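Trainee: build me a model from this:
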Amino acid sequence: MLLDTSFLIDLQRDLAGGRPRGAARFLQQNAEAAPWISLITWMEFAEGYPAEREEACRFFFSRFPVVFPDLAIAWRASRISRALRQAGSPIGDHDLWIAASALERGMPLVTRNPRHFQRVPNLQILSY
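Mentor: Sure, this is the predicted structure:
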């Protein structure tokens, strides 16, 4: 399964003992499915960290393998973008890359924001 940025934010809050968002529980309930993140999610999440906390950010990421964009993902993102634009319902570029990564790798996308991704044909979305 591919984890969206919203999931990582909620997981970080859950692990820090903040108001539970359900991300940690979702991982426990789905322990048989390997959690991955895309490089785009990595970038979006890391943006929230100040430079002096880079080590903490990298440590948080160390538990997740990363899907790196390649030509197949780029082509898939271009097809999704084209179809959604022609339908008059485009989504943001980062979401295109994340959705294309999930589709190309055959992974469901785990997100708190299914509305952002539900327009992407054939994308399996898991909410928590």
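Trainee: which stretches of this protein form helices?
Mentor: Counting by DSSP state H, one finds helices in the chain at the ranges 5-15, 23-29, 39-46, 54-61, 71-86, 93-105, 114-117.
Trainee: weakest of the ones you listed in terms of mean pLDDT?
Mentor: Per-stretch mean pLDDT for the helices of the chain is lowest at helix 114-117 (a mean of 89).
Trainee: in it, what counts as buried?
Mentor: Of the residues in helix 114-117, 116-117 count as buried by neighbour count, 16 or more other CB atoms under 10 Å. For glycine as for every other residue, the C-beta is placed from the backbone atoms N, C-alpha and C.
Trainee: before we move on, what about stretch 74-89?
Mentor: Judged by neighbour count using 16+ other CB under 10 Å, the buried positions of stretch 74-89 are 76-77, 80-81, 84.
Trainee: now do stretch 33-47
Mentor: 35-38, 40-42, 44-46.
Trainee: pull out the CA atoms of it and give them to me as CSV.
Mentor: Only the C-alpha atoms of stretch 33-47 are listed here, as CSV (Å, rounded to 0.1, in the frame of the first residue of the first chain):
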residue,chain,number,x,y,z
ALA,A,33,0.5,-5.1,3.8
ALA,A,34,3.9,-3.4,3.3
PRO,A,35,3.6,0.4,3.7
TRP,A,36,5.5,2.4,1.0
ILE,A,37,5.7,6.1,0.3
SER,A,38,6.3,7.9,-3.0
LEU,A,39,9.2,10.3,-3.4
ILE,A,40,6.6,13.0,-3.9
THR,A,41,5.0,12.2,-0.5
TRP,A,42,8.5,12.2,1.0
MET,A,43,9.0,15.8,-0.4
GLU,A,44,5.6,17.1,0.8
PHE,A,45,6.0,15.7,4.3
ALA,A,46,9.6,16.9,4.6
GLU,A,47,8.5,20.4,3.7
